[in-house]
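Undergrad: whatever this is, show me its structure:
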Amino acid sequence: METALQRTIELSDELSQIKKLRDYFWEQLQIIHPTILLNGPSFENRHCGNLNVAFEGINNKELINSLQPFVAASTGSACNSANVVASHVFEAIGISDERANSSIRFSLGRFSDKEQIDEVVERLKEKLSGF
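TA: I've put the predicted structure just below:
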């Protein structure tokens, strides 16, 4: 029982750290691309390791390709990553095809850190200036 309680506390701490990183990432993205939009629910109602954003006017596939092999990101949900059409999740929450085509999903996990976020932000800043 003690081990289970300890693991629960550790997991709670990990999730709290991931949430802080996600929030920091979102703040930095808003600075480098002022018209960025958050897709999906508010931060209070979303998985802490998920950040799905739309870079208005930017083709998501071109942006992701320009960031390879340095950034792990996707244009859709994990269960939809092999499909070329807009995600059924975007359709369900009323996101237009145009917005879906400028959206990128970033995932953060227990091994993510602030330095990685800063590096991704710098790479995005560099690449977005070319679009």
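Undergrad: in the host helix or strand of Ile64, which residues are buried?
TA: Ile64 belongs to helix 60-67 when assigned by DSSP states H and E. For helix 60-67, the neighbour count (16 or more other CB atoms under 10 Å) marks Asn60, Leu63, Ile64, Ser66, Leu67 as buried. Bear in mind the C-beta positions are built from the backbone N, C-alpha and C, glycine included.
Undergrad: tell me what the helix or strand following that helix is packed against?
TA: Once helix 60-67 ends, the next helix or strand along the chain (criterion: DSSP H and E) is strand 73-74. Other helices and strands packing on strand 73-74, by 3 or more CB pairs under 8 Å, 6 or more residues apart in numbering; DSSP states H and E, are helix 60-67, strand 103-107.
Undergrad: try 6 Å this time
TA: In terms of contacts (3 or more CB pairs under 6 Å, 6 or more residues apart in numbering; DSSP states H and E), strand 73-74 is packed against strand 103-107.
Undergrad: how about the CA coordinates for the strand it packs on, as CSV?
TA: Extracted as CSV, the C-alpha positions of strand 103-107 are listed here (Å, rounded to 0.1, in the frame of the first residue of the first chain):
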residue,chain,number,x,y,z
SER,A,103,-2.9,22.7,-37.0
ILE,A,104,-0.1,20.8,-35.2
ARG,A,105,-0.3,18.5,-32.2
PHE,A,106,2.6,18.6,-29.8
SER,A,107,2.9,16.1,-27.1
